[in-house]
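Visitor: My questions concern the predicted model and sequence given below.
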Amino acid sequence: MDAVPQSAAIWHDAGGLRPSYEEPSLPHAPRSDPDRNGPSIGFIGAFGFASGLPLPLTIFTLQQWFATYGLSLHAIGLTSWIGLAYTLKFLWSALFDRAAPGPLQRLGRRRGWLMLVQPAMACACAALAVSDPRQAVTGTVLAAMALAFLSASQDILVDAWRIDTYPPERQGVALAAYIWGYRGAMLVAGSGVIYLSTTALGWRGAYLLMAGLMLAFTVVTSLAPDPGGLALPLEVQNFAGRIEAAFLAPLRDFLARPGAWPVLAFIVLFRLGHMAADTTAAGFYRSLHFNSHDVAAANFVPQLAGTLAGAAVGGWLVARLGRARALLLTGTVQAFSLGLYLVLLAAGHDPAVLSAKVGLEEFAHAAADTAFLTYISALCSREYSATQYALLSSLAALALHTLGGFAGFAAEGLGYRAFYIATIMAGFPALLILRRLSRPAP
(Lines give C-alpha, C1' and ligand atoms only; values in the text may rest on other atoms or scores of the structure.)
Protein backbone atom coordinates (compact mmCIF):
# COMPACT_ATOMS: atom_id res chain seq x y z
CA MET A 1 0.00 0.00 0.00
CA ASP A 2 1.30 3.46 -0.85
CA ALA A 3 2.19 5.80 1.94
CA VAL A 4 -0.73 8.04 2.80
CA PRO A 5 -1.37 10.74 5.40
CA GLN A 6 -2.31 9.41 8.81
CA SER A 7 -5.82 10.82 8.47
CA ALA A 8 -6.30 8.88 5.25
CA ALA A 9 -4.32 5.73 5.93
CA ILE A 10 -7.15 3.74 7.41
CA TRP A 11 -9.43 4.23 4.45
CA HIS A 12 -7.09 3.82 1.49
CA ASP A 13 -5.99 0.82 -0.49
CA ALA A 14 -4.83 0.41 -4.08
CA GLY A 15 -8.36 -0.14 -5.29
CA GLY A 16 -10.33 2.02 -2.94
CA LEU A 17 -11.21 2.39 0.70
CA ARG A 18 -10.96 -0.04 3.55
CA PRO A 19 -10.83 -0.03 7.34
CA SER A 20 -7.37 -0.21 8.88
CA TYR A 21 -8.03 -2.77 11.53
CA GLU A 22 -7.50 -6.46 11.08
CA GLU A 23 -10.78 -8.28 11.53
CA PRO A 24 -10.39 -10.24 14.76
CA SER A 25 -11.01 -13.94 14.77
CA LEU A 26 -14.01 -14.68 16.93
CA PRO A 27 -13.45 -17.80 19.03
CA HIS A 28 -15.16 -20.94 17.78
CA ALA A 29 -16.64 -19.02 14.85
CA PRO A 30 -14.71 -20.01 11.71
CA ARG A 31 -15.97 -18.73 8.40
CA SER A 32 -18.18 -21.51 7.12
CA ASP A 33 -17.62 -20.85 3.43
CA PRO A 34 -14.10 -21.78 2.36
CA ASP A 35 -14.43 -19.98 -0.97
CA ARG A 36 -12.79 -16.59 -0.61
CA ASN A 37 -15.36 -15.16 -3.03
CA GLY A 38 -18.19 -16.01 -0.69
CA PRO A 39 -21.37 -17.91 -1.57
CA SER A 40 -23.50 -17.52 -4.68
CA ILE A 41 -24.69 -13.98 -5.38
CA GLY A 42 -28.15 -15.53 -5.75
CA PHE A 43 -28.47 -15.66 -1.95
CA ILE A 44 -28.13 -11.90 -1.50
CA GLY A 45 -30.46 -11.32 -4.46
CA ALA A 46 -33.08 -13.46 -2.71
CA PHE A 47 -32.48 -11.66 0.58
CA GLY A 48 -32.89 -8.36 -1.29
CA PHE A 49 -36.30 -9.55 -2.50
CA ALA A 50 -37.25 -10.53 1.05
CA SER A 51 -36.20 -7.08 2.32
CA GLY A 52 -38.06 -5.15 -0.37
CA LEU A 53 -41.35 -7.00 0.01
CA PRO A 54 -42.70 -5.45 3.26
CA LEU A 55 -41.90 -1.78 2.54
CA PRO A 56 -44.71 -0.98 0.05
CA LEU A 57 -47.15 -3.06 2.10
CA THR A 58 -46.68 -0.73 5.07
CA ILE A 59 -46.67 2.60 3.21
CA PHE A 60 -47.62 3.09 -0.46
CA THR A 61 -49.81 0.01 -0.98
CA LEU A 62 -51.43 0.48 2.42
CA GLN A 63 -52.29 4.07 1.52
CA GLN A 64 -53.93 2.84 -1.69
CA TRP A 65 -55.94 0.34 0.36
CA PHE A 66 -57.11 3.12 2.65
CA ALA A 67 -57.96 5.36 -0.30
CA THR A 68 -60.12 2.70 -2.00
CA TYR A 69 -62.18 2.44 1.18
CA GLY A 70 -62.65 6.20 1.24
CA LEU A 71 -60.89 6.71 4.55
CA SER A 72 -60.26 10.26 5.67
CA LEU A 73 -57.01 12.10 5.04
CA HIS A 74 -56.17 12.07 8.74
CA ALA A 75 -56.51 8.28 8.77
CA ILE A 76 -54.23 8.00 5.76
CA GLY A 77 -51.88 10.42 7.50
CA LEU A 78 -51.43 7.91 10.32
CA THR A 79 -49.38 5.80 7.92
CA SER A 80 -46.56 8.39 8.04
CA TRP A 81 -45.65 7.11 11.52
CA ILE A 82 -45.03 3.63 10.17
CA GLY A 83 -41.84 4.62 8.34
CA LEU A 84 -40.17 5.67 11.61
CA ALA A 85 -39.10 2.06 12.13
CA TYR A 86 -36.78 2.25 9.13
CA THR A 87 -35.28 5.54 10.31
CA LEU A 88 -34.78 4.48 13.94
CA LYS A 89 -33.61 0.90 13.38
CA PHE A 90 -30.17 1.71 14.80
CA LEU A 91 -31.80 1.90 18.26
CA TRP A 92 -32.20 -1.89 18.48
CA SER A 93 -29.53 -3.00 16.02
CA ALA A 94 -27.09 -3.71 18.87
CA LEU A 95 -29.36 -6.54 20.02
CA PHE A 96 -28.38 -8.55 16.94
CA ASP A 97 -24.68 -8.11 17.67
CA ARG A 98 -24.88 -8.69 21.41
CA ALA A 99 -27.58 -11.29 22.00
CA ALA A 100 -27.65 -14.89 20.82
CA PRO A 101 -30.86 -15.97 19.03
CA GLY A 102 -31.94 -18.33 21.81
CA PRO A 103 -32.62 -21.91 20.72
CA LEU A 104 -31.64 -21.09 17.13
CA GLN A 105 -28.11 -19.97 17.91
CA ARG A 106 -26.84 -23.20 16.35
CA LEU A 107 -27.73 -21.58 12.99
CA GLY A 108 -25.34 -18.71 13.69
CA ARG A 109 -25.71 -15.15 14.88
CA ARG A 110 -27.33 -13.79 11.68
CA ARG A 111 -29.32 -16.74 10.36
CA GLY A 112 -30.61 -17.66 13.83
CA TRP A 113 -32.14 -14.21 14.30
CA LEU A 114 -33.53 -14.23 10.75
CA MET A 115 -35.28 -17.51 11.44
CA LEU A 116 -37.01 -15.80 14.36
CA VAL A 117 -37.79 -12.50 12.63
CA GLN A 118 -39.08 -13.81 9.30
CA PRO A 119 -41.93 -16.00 10.63
CA ALA A 120 -42.93 -13.18 13.00
CA MET A 121 -42.96 -10.82 10.02
CA ALA A 122 -45.24 -13.19 8.10
CA CYS A 123 -47.59 -13.30 11.11
CA ALA A 124 -47.65 -9.49 11.29
CA CYS A 125 -48.51 -9.33 7.58
CA ALA A 126 -51.29 -11.87 8.10
CA ALA A 127 -52.63 -9.79 11.01
CA LEU A 128 -52.58 -6.75 8.73
CA ALA A 129 -54.44 -8.72 6.07
CA VAL A 130 -57.30 -9.75 8.35
CA SER A 131 -57.66 -6.31 9.92
CA ASP A 132 -60.49 -4.03 8.78
CA PRO A 133 -59.45 -0.38 8.36
CA ARG A 134 -63.07 0.62 7.87
CA GLN A 135 -64.02 -0.60 11.34
CA ALA A 136 -60.78 -0.20 13.32
CA VAL A 137 -58.16 1.82 11.46
CA THR A 138 -55.95 2.04 14.56
CA GLY A 139 -55.66 -1.75 14.67
CA THR A 140 -54.65 -1.81 11.01
CA VAL A 141 -51.98 0.85 11.58
CA LEU A 142 -50.64 -1.00 14.64
CA ALA A 143 -50.34 -4.21 12.60
CA ALA A 144 -48.53 -2.26 9.88
CA MET A 145 -46.20 -0.75 12.48
CA ALA A 146 -45.38 -4.23 13.79
CA LEU A 147 -44.66 -5.37 10.23
CA ALA A 148 -42.43 -2.34 9.63
CA PHE A 149 -40.51 -2.95 12.87
CA LEU A 150 -39.86 -6.58 11.94
CA SER A 151 -39.03 -5.58 8.36
CA ALA A 152 -36.46 -3.04 9.59
CA SER A 153 -35.02 -5.77 11.83
CA GLN A 154 -34.74 -8.08 8.83
CA ASP A 155 -32.93 -5.28 6.96
CA ILE A 156 -30.39 -4.99 9.81
CA LEU A 157 -29.73 -8.72 9.76
CA VAL A 158 -29.51 -9.04 5.97
CA ASP A 159 -27.07 -6.13 5.78
CA ALA A 160 -24.95 -7.68 8.53
CA TRP A 161 -25.07 -11.11 6.84
CA ARG A 162 -23.93 -9.53 3.55
CA ILE A 163 -21.05 -7.66 5.19
CA ASP A 164 -19.95 -10.73 7.17
CA THR A 165 -20.26 -13.15 4.24
CA TYR A 166 -18.84 -11.54 1.09
CA PRO A 167 -15.25 -10.30 0.91
CA PRO A 168 -14.70 -6.56 0.26
CA GLU A 169 -14.01 -7.04 -3.44
CA ARG A 170 -17.40 -8.76 -3.88
CA GLN A 171 -19.48 -6.23 -1.94
CA GLY A 172 -20.25 -4.11 -5.03
CA VAL A 173 -21.60 -7.08 -6.97
CA ALA A 174 -23.50 -8.28 -3.90
CA LEU A 175 -25.16 -4.88 -3.46
CA ALA A 176 -26.12 -4.76 -7.13
CA ALA A 177 -27.84 -8.17 -6.77
CA TYR A 178 -29.49 -6.98 -3.55
CA ILE A 179 -30.90 -3.88 -5.28
CA TRP A 180 -32.22 -5.97 -8.19
CA GLY A 181 -34.03 -8.25 -5.76
CA TYR A 182 -35.27 -5.33 -3.67
CA ARG A 183 -36.71 -3.45 -6.64
CA GLY A 184 -38.37 -6.57 -7.99
CA ALA A 185 -40.05 -7.13 -4.64
CA MET A 186 -41.29 -3.54 -4.52
CA LEU A 187 -43.03 -4.07 -7.85
CA VAL A 188 -44.65 -7.26 -6.58
CA ALA A 189 -45.76 -5.70 -3.28
CA GLY A 190 -46.73 -2.41 -4.94
CA SER A 191 -48.28 -2.68 -8.39
CA GLY A 192 -48.76 -6.45 -8.04
CA VAL A 193 -50.77 -6.30 -4.82
CA ILE A 194 -52.80 -3.33 -6.03
CA TYR A 195 -53.73 -5.31 -9.16
CA LEU A 196 -54.54 -8.45 -7.15
CA SER A 197 -56.82 -6.38 -4.91
CA THR A 198 -59.08 -5.82 -7.91
CA THR A 199 -59.51 -9.58 -8.46
CA ALA A 200 -61.43 -12.14 -6.44
CA LEU A 201 -58.60 -12.15 -3.89
CA GLY A 202 -59.34 -8.60 -2.76
CA TRP A 203 -57.07 -6.72 -0.38
CA ARG A 204 -57.24 -9.43 2.28
CA GLY A 205 -56.28 -12.24 -0.08
CA ALA A 206 -53.50 -10.20 -1.69
CA TYR A 207 -51.93 -9.39 1.68
CA LEU A 208 -52.27 -13.00 2.85
CA LEU A 209 -50.46 -14.09 -0.31
CA MET A 210 -47.60 -11.72 0.61
CA ALA A 211 -47.54 -13.18 4.13
CA GLY A 212 -47.09 -16.64 2.67
CA LEU A 213 -44.30 -15.36 0.41
CA MET A 214 -42.51 -13.86 3.42
CA LEU A 215 -42.71 -17.17 5.25
CA ALA A 216 -41.27 -18.97 2.20
CA PHE A 217 -38.05 -16.98 2.53
CA THR A 218 -37.18 -18.91 5.69
CA VAL A 219 -36.14 -21.62 3.20
CA VAL A 220 -33.54 -19.22 1.74
CA THR A 221 -32.30 -18.44 5.25
CA SER A 222 -31.99 -22.11 6.11
CA LEU A 223 -29.96 -22.80 2.94
CA ALA A 224 -27.74 -19.72 3.18
CA PRO A 225 -24.23 -20.31 4.56
CA ASP A 226 -23.38 -19.14 8.05
CA PRO A 227 -20.72 -16.40 7.88
CA GLY A 228 -19.58 -17.26 11.40
CA GLY A 229 -19.31 -14.93 14.34
CA LEU A 230 -20.67 -15.47 17.81
CA ALA A 231 -22.83 -13.00 19.69
CA LEU A 232 -20.55 -10.67 21.62
CA PRO A 233 -20.68 -11.36 25.36
CA LEU A 234 -22.39 -8.73 27.46
CA GLU A 235 -20.45 -8.97 30.71
CA VAL A 236 -22.04 -6.06 32.58
CA GLN A 237 -25.42 -6.40 34.19
CA ASN A 238 -26.49 -2.82 35.06
CA PHE A 239 -28.48 -0.77 32.57
CA ALA A 240 -25.86 1.94 32.04
CA GLY A 241 -23.21 -0.70 31.39
CA ARG A 242 -25.39 -2.46 28.85
CA ILE A 243 -26.04 0.79 26.99
CA GLU A 244 -22.33 1.56 26.97
CA ALA A 245 -21.42 -1.89 25.64
CA ALA A 246 -24.23 -2.02 23.08
CA PHE A 247 -24.05 1.49 21.60
CA LEU A 248 -20.95 3.33 22.77
CA ALA A 249 -18.46 0.51 22.18
CA PRO A 250 -19.28 0.26 18.42
CA LEU A 251 -19.16 4.05 18.18
CA ARG A 252 -15.81 4.26 20.00
CA ASP A 253 -14.46 1.49 17.78
CA PHE A 254 -15.27 3.62 14.73
CA LEU A 255 -14.22 7.02 16.08
CA ALA A 256 -10.88 5.69 17.34
CA ARG A 257 -9.68 5.29 13.76
CA PRO A 258 -7.63 8.19 12.35
CA GLY A 259 -9.67 10.23 9.89
CA ALA A 260 -13.03 9.02 11.23
CA TRP A 261 -14.57 12.50 11.47
CA PRO A 262 -13.91 13.47 7.83
CA VAL A 263 -15.40 10.14 6.79
CA LEU A 264 -18.55 10.87 8.82
CA ALA A 265 -18.76 14.32 7.22
CA PHE A 266 -18.54 12.69 3.80
CA ILE A 267 -21.33 10.24 4.66
CA VAL A 268 -23.65 13.05 5.81
CA LEU A 269 -22.98 15.26 2.78
CA PHE A 270 -22.81 12.70 -0.05
CA ARG A 271 -26.56 12.55 -0.79
CA LEU A 272 -27.37 16.17 0.09
CA GLY A 273 -27.86 17.52 -3.44
CA HIS A 274 -29.77 14.49 -4.67
CA MET A 275 -32.09 14.50 -1.66
CA ALA A 276 -32.79 18.24 -1.97
CA ALA A 277 -33.70 17.81 -5.64
CA ASP A 278 -35.90 14.78 -4.92
CA THR A 279 -37.79 16.68 -2.21
CA THR A 280 -38.90 19.35 -4.68
CA ALA A 281 -39.48 17.09 -7.72
CA ALA A 282 -43.25 16.72 -7.28
CA GLY A 283 -43.82 20.47 -7.11
CA PHE A 284 -41.44 21.04 -10.01
CA TYR A 285 -43.33 18.57 -12.22
CA ARG A 286 -46.61 20.18 -11.28
CA SER A 287 -45.27 23.62 -12.20
CA LEU A 288 -44.57 22.25 -15.71
CA HIS A 289 -48.18 20.98 -15.93
CA PHE A 290 -47.38 17.27 -15.83
CA ASN A 291 -50.39 15.27 -14.61
CA SER A 292 -50.36 12.13 -12.46
CA HIS A 293 -50.44 9.89 -15.53
CA ASP A 294 -47.32 11.53 -16.97
CA VAL A 295 -45.44 11.20 -13.70
CA ALA A 296 -46.57 7.60 -13.15
CA ALA A 297 -45.49 6.61 -16.67
CA ALA A 298 -42.05 8.18 -16.17
CA ASN A 299 -41.63 6.55 -12.79
CA PHE A 300 -42.43 3.01 -13.87
CA VAL A 301 -40.44 1.56 -16.78
CA PRO A 302 -37.81 4.36 -17.11
CA GLN A 303 -37.16 4.48 -13.37
CA LEU A 304 -37.03 0.71 -12.99
CA ALA A 305 -34.74 0.29 -16.01
CA GLY A 306 -32.47 3.08 -14.78
CA THR A 307 -32.25 1.59 -11.30
CA LEU A 308 -31.43 -1.94 -12.44
CA ALA A 309 -28.88 -0.80 -15.02
CA GLY A 310 -27.31 1.69 -12.62
CA ALA A 311 -26.96 -0.87 -9.84
CA ALA A 312 -25.30 -3.32 -12.22
CA VAL A 313 -22.89 -0.70 -13.55
CA GLY A 314 -22.12 0.52 -10.03
CA GLY A 315 -21.26 -2.99 -8.88
CA TRP A 316 -19.11 -3.56 -11.97
CA LEU A 317 -17.23 -0.29 -11.43
CA VAL A 318 -16.48 -1.16 -7.79
CA ALA A 319 -15.07 -4.52 -8.87
CA ARG A 320 -13.11 -2.96 -11.73
CA LEU A 321 -11.84 0.32 -10.21
CA GLY A 322 -12.00 -0.24 -6.45
CA ARG A 323 -14.27 1.47 -3.95
CA ALA A 324 -12.66 4.94 -3.89
CA ARG A 325 -12.33 5.43 -7.65
CA ALA A 326 -15.79 4.00 -8.36
CA LEU A 327 -17.35 6.24 -5.72
CA LEU A 328 -15.56 9.35 -7.01
CA LEU A 329 -16.68 8.60 -10.57
CA THR A 330 -20.29 7.70 -9.81
CA GLY A 331 -20.62 10.51 -7.25
CA THR A 332 -19.48 13.04 -9.85
CA VAL A 333 -21.92 11.64 -12.42
CA GLN A 334 -24.71 11.76 -9.80
CA ALA A 335 -23.99 15.44 -9.06
CA PHE A 336 -24.04 16.42 -12.75
CA SER A 337 -27.14 14.28 -13.40
CA LEU A 338 -29.13 16.89 -11.46
CA GLY A 339 -28.54 19.14 -14.46
CA LEU A 340 -31.32 17.08 -16.08
CA TYR A 341 -33.74 19.21 -14.06
CA LEU A 342 -32.43 22.22 -16.01
CA VAL A 343 -32.89 20.34 -19.29
CA LEU A 344 -36.50 19.57 -18.37
CA LEU A 345 -37.04 23.17 -17.28
CA ALA A 346 -35.89 24.34 -20.71
CA ALA A 347 -38.01 21.71 -22.51
CA GLY A 348 -41.15 22.51 -20.57
CA HIS A 349 -44.11 20.13 -20.76
CA ASP A 350 -42.55 17.28 -22.73
CA PRO A 351 -43.38 13.76 -21.42
CA ALA A 352 -40.56 12.19 -23.46
CA VAL A 353 -37.98 14.48 -21.86
CA LEU A 354 -39.51 13.76 -18.43
CA SER A 355 -39.15 9.99 -18.97
CA ALA A 356 -35.56 10.39 -20.18
CA LYS A 357 -34.75 12.65 -17.23
CA VAL A 358 -36.15 10.16 -14.69
CA GLY A 359 -34.44 7.14 -16.28
CA LEU A 360 -31.02 8.77 -16.63
CA GLU A 361 -31.10 10.38 -13.19
CA GLU A 362 -32.13 7.08 -11.61
CA PHE A 363 -29.30 5.32 -13.44
CA ALA A 364 -26.77 7.79 -12.01
CA HIS A 365 -28.24 7.59 -8.52
CA ALA A 366 -28.37 3.77 -8.46
CA ALA A 367 -24.75 3.50 -9.63
CA ALA A 368 -23.60 6.01 -7.01
CA ASP A 369 -25.72 4.40 -4.30
CA THR A 370 -24.25 0.95 -5.00
CA ALA A 371 -20.71 2.33 -4.71
CA PHE A 372 -21.64 4.36 -1.62
CA LEU A 373 -23.22 1.44 0.24
CA THR A 374 -20.21 -0.71 -0.66
CA TYR A 375 -18.04 1.98 0.88
CA ILE A 376 -19.89 2.21 4.19
CA SER A 377 -20.07 -1.59 4.35
CA ALA A 378 -16.26 -1.68 4.25
CA LEU A 379 -16.12 0.63 7.27
CA CYS A 380 -17.89 -1.80 9.59
CA SER A 381 -16.04 -4.02 12.05
CA ARG A 382 -17.16 -7.61 11.80
CA GLU A 383 -18.02 -7.75 15.52
CA TYR A 384 -20.30 -4.72 15.23
CA SER A 385 -21.46 -5.00 11.61
CA ALA A 386 -25.19 -4.85 12.47
CA THR A 387 -24.84 -1.85 14.78
CA GLN A 388 -22.31 0.15 12.78
CA TYR A 389 -24.02 -0.33 9.42
CA ALA A 390 -27.38 0.67 10.90
CA LEU A 391 -25.78 3.79 12.43
CA LEU A 392 -23.94 4.77 9.25
CA SER A 393 -26.92 4.18 6.97
CA SER A 394 -29.11 6.24 9.31
CA LEU A 395 -26.47 8.98 9.32
CA ALA A 396 -26.50 8.95 5.51
CA ALA A 397 -30.21 9.88 5.62
CA LEU A 398 -29.62 12.70 8.12
CA ALA A 399 -29.57 15.40 5.45
CA LEU A 400 -32.98 14.30 4.16
CA HIS A 401 -34.59 14.44 7.60
CA THR A 402 -33.03 17.79 8.58
CA LEU A 403 -31.87 20.07 5.75
CA GLY A 404 -34.26 18.40 3.32
CA GLY A 405 -37.12 20.16 5.08
CA PHE A 406 -35.80 23.53 3.88
CA ALA A 407 -35.47 22.48 0.22
CA GLY A 408 -38.92 23.78 -0.69
CA PHE A 409 -38.21 27.18 0.87
CA ALA A 410 -34.90 27.34 -1.02
CA ALA A 411 -36.57 26.50 -4.34
CA GLU A 412 -39.21 29.17 -3.78
CA GLY A 413 -36.64 31.78 -2.79
CA LEU A 414 -34.09 31.06 -5.49
CA GLY A 415 -36.33 29.91 -8.32
CA TYR A 416 -35.99 26.49 -9.90
CA ARG A 417 -33.05 27.33 -12.17
CA ALA A 418 -30.79 28.70 -9.42
CA PHE A 419 -31.96 26.04 -6.97
CA TYR A 420 -31.05 23.10 -9.20
CA ILE A 421 -27.68 24.66 -9.99
CA ALA A 422 -27.17 24.82 -6.21
CA THR A 423 -28.07 21.13 -5.85
CA ILE A 424 -25.39 20.25 -8.41
CA MET A 425 -22.81 22.24 -6.45
CA ALA A 426 -23.97 20.67 -3.15
CA GLY A 427 -22.51 17.34 -4.23
CA PHE A 428 -18.93 18.54 -4.52
CA PRO A 429 -17.92 19.14 -0.85
CA ALA A 430 -18.41 15.43 -0.17
CA LEU A 431 -16.42 14.47 -3.27
CA LEU A 432 -13.57 16.79 -2.21
CA ILE A 433 -13.48 15.10 1.22
CA LEU A 434 -13.42 11.68 -0.43
CA ARG A 435 -10.68 12.80 -2.80
CA ARG A 436 -8.58 13.96 0.15
CA LEU A 437 -9.12 10.72 2.07
CA SER A 438 -8.15 8.51 -0.85
CA ARG A 439 -5.17 10.51 -2.15
CA PRO A 440 -1.71 9.05 -1.57
CA ALA A 441 0.87 11.35 -0.03
CA PRO A 442 3.58 12.68 -2.36
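Guide: Sure, I can see it. Numbers count the residues shown, from 1 in each chain.
Visitor: For the stretch 51-200 of the chain, give me the ranges with low pLDDT.
Guide: Within the stretch 51-200 of the chain, the segments meeting pLDDT under 70 span 72-80.
Visitor: redo that, cut-off 80
Guide: Within the stretch 51-200 of the chain, the stretches with pLDDT under 80 are 60, 63-64, 67-81, 83-84, 87, 98-100, 102, 105.
Visitor: All the strands of it, in order from the start?
Guide: Applying DSSP state E, counting those that start in this stretch to the stretch 51-200 of the chain gives no strands.
Visitor: which residues of it fall in helices?
Guide: Ranges of helices within the stretch 51-200 of the chain are 54-58, 60-68, 73-77, 84-87, 90-98, 109-130, 137-165, 171-187, 193-196, based on DSSP state H, counting those that start in this stretch.
Visitor: what comes up buried for the last one?
Guide: Neighbour-count burial for helix 193-196 flags Val193, Ile194, Leu196 (criterion: 16 or more other CB atoms under 10 Å). (Each C-beta comes from the backbone N, C-alpha and C, glycine too.)
Visitor: confidence score at the residue lying closest to Ala50 once chain neighbours are set aside?
Guide: Nearest residue to Ala50, sequence neighbours excluded (CB to CB, 6 or more residues apart in numbering): Phe217, at 4.2 Å. Phe217 is assigned a pLDDT of 94 by the prediction.
Visitor: Figure out the helix or strand that Phe217 lives in.
Guide: Phe217 belongs to helix 202-223 when assigned by DSSP states H and E.
Visitor: Give me the neighbour count for the closest residue to Thr330 other than its chain neighbours.
Guide: Spatial nearest neighbour of Thr330, excluding adjacent residues (CB to CB, 6+ apart): Ala368 at 4.0 Å. Using other CB atoms under 10 Å, Ala368 has 27 neighbouring residues.
Visitor: before we move on, back to that, so the residue nearest to Ala50 makes contact with Ala46?
Guide: Yes - using CB atoms under 8 Å, Phe217 is in contact with Ala46, at 7.0 Å.
Visitor: Now do Thr280 against Thr138, distance only.
Guide: Relative to Thr138, Thr280 is positioned 33 Å away (CB to CB, to the nearest Å).
Visitor: the more surrounded of those two?
Guide: Neighbours were counted for Thr280 and for Thr138 using other CB under 10 Å; Thr280 has more, 21 against 11.
Visitor: where's the more buried one, which helix or strand?
Guide: If you go by DSSP H and E, Thr280 is part of helix 272-287.
Visitor: Report the distance from that helix to the chain centre.
Guide: 20 Å (CA atoms, centre = their mean, to the nearest Å).
Visitor: and it, what does it pack onto?
Guide: With contacts defined as 3 or more CB pairs under 8 Å, 6 or more residues apart in numbering; DSSP states H and E, helix 272-287 has these neighbours: helix 292-298, helix 340-347, helix 351-378, helix 398-401, helix 407-414, helix 416-426.
Visitor: do that again at 7 Å, thanks
Guide: Where contact means 3 or more CB pairs under 7 Å, 6 or more residues apart in numbering; DSSP states H and E, helix 272-287 is packed against helix 398-401, helix 407-414, helix 416-426.
Visitor: Share the number of residues neighbouring Ala85, please.
Guide: Ala85: 22 neighbours (other CB under 10 Å).
Visitor: So what touches stretch 363-378?
Guide: Here stretch 363-378 makes contact (CB atoms under 7 Å, 6 or more residues apart in numbering) with 17-19, 163, 168, 171-172, 175-176, 179, 267, 270, 274, 306-307, 309-311, 313-315, 317-318, 323, 326-327, 330-331, 333-334, 337, 389, 392-393, 396.
Visitor: Would you mind writing the ChimeraX command to select the buried ones in these?
Guide: Only the buried entries of those go into this ChimeraX selection, using 16+ other CB under 10 Å:
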select :17,18,19,163,168,171,172,175,176,179,267,270,274,306,307,310,311,313,314,315,317,318,323,326,327,330,331,333,334,337,389,392,393,396
